[in-house]
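Colleague: Below are the sequence and a predicted model; questions follow.
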Amino acid sequence: MLQQGLERPEAVASPSFFRLVSDNALMPDTLGWAGPSPPRTMTIWNKLFGGTDSGRVDYYREGVDLLTDGKFHEALTSFRLALKESPGDSVILQQIAICYTRIGMTEEAAKTYRHVLHRNPDESGAHYGLAFILLRREERDEAAQHLEAFLAHPPSGPDADDHIHHARTTLAQIRGQAHEGAPEGPPHELY
């Protein structure tokens, strides 16, 4: 995920699709949360028995946890519930697009990324995700445009170089140019 408004203040993790956050920084690969976090089962028990949890479900965090566990359909449900609480949230919408991609609903994923880009044309994470969906469809020219848009506002952070390098390499391949050190596949299963 990328760009302003994407990093959830209470979270510093995103699914493995891409780890781009606000202020052009990348999130950690581990999808873990910064700082201590109660286990999911502890959170459930706290909700049931009135522990320290406020009683309010953090559907976004639940979705990230489920996505991390490979439970894509369940994660999609949680992200949809989070979206009801925060309509139009581009972070949540991009997480939904990731879920759609993981369960093979690439048409829905592309629509969701396009919706994010309609609202914010500089949303780098959406450009990145959409570019690789378009490449799968052999729509190379449009994919190149989205990779260029991604590279126009590149992320920064500990893992940004991998994503930027992958985007540049892929763009060079689309254009028929050689790019030094071309990877065989995307970093961290980006598409």
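Modeller: Here it is on my side, so go on. Residues are numbered from 1 along each chain as shown.

Colleague: helices and strands of this protein: which one has the lowest mean pLDDT?
Modeller: strand 25-26 (a mean of 34; mean pLDDT, DSSP states H and E).

Colleague: and Ser156, backbone torsions?
Modeller: According to degrees, to the nearest 10, the main-chain angles of Ser156 amount to phi -140, psi 160.

Colleague: bridging residues for it?
Modeller: Beta bridges link Ser156 to Ala25 when assigned by DSSP bridges.

Colleague: Okay, now the unreliable bits of this structure?
Modeller: 1-55, 178-191 (pLDDT under 70).

Colleague: where do the helices sit along it?
Modeller: Assigned by DSSP state H, the chain shows helices spanning 40-49, 59-68, 72-85, 90-102, 106-119, 124-136, 140-152, 160-174.

Colleague: Report the angle between the fifth one and helix 124-136.
Modeller: Here helix 106-119 runs at an angle of 140 degrees relative to helix 124-136 (axes from the mean of the first three to the mean of the last three C-alpha atoms, to 10 degrees).

Colleague: tilt between helix 106-119 and helix 140-152?
Modeller: Going by the same axes, to 10 degrees, helix 106-119 makes 50 degrees with helix 140-152.

Colleague: Quick check: buried residues in helix 106-119?
Modeller: Using 16 or more other C-beta atoms under 10 Å as the burial criterion, the residues of helix 106-119 that qualify are 106, 108-110, 112-113, 116-117. All C-beta spots, glycine's among them, are computed from the backbone N, C-alpha and C.

Colleague: And it, what does it pack against?
Modeller: With contacts taken as 3 or more C-beta pairs under 8 Å, 6 or more residues apart in numbering; DSSP states H and E, helix 106-119 sits against helix 90-102, helix 124-136.
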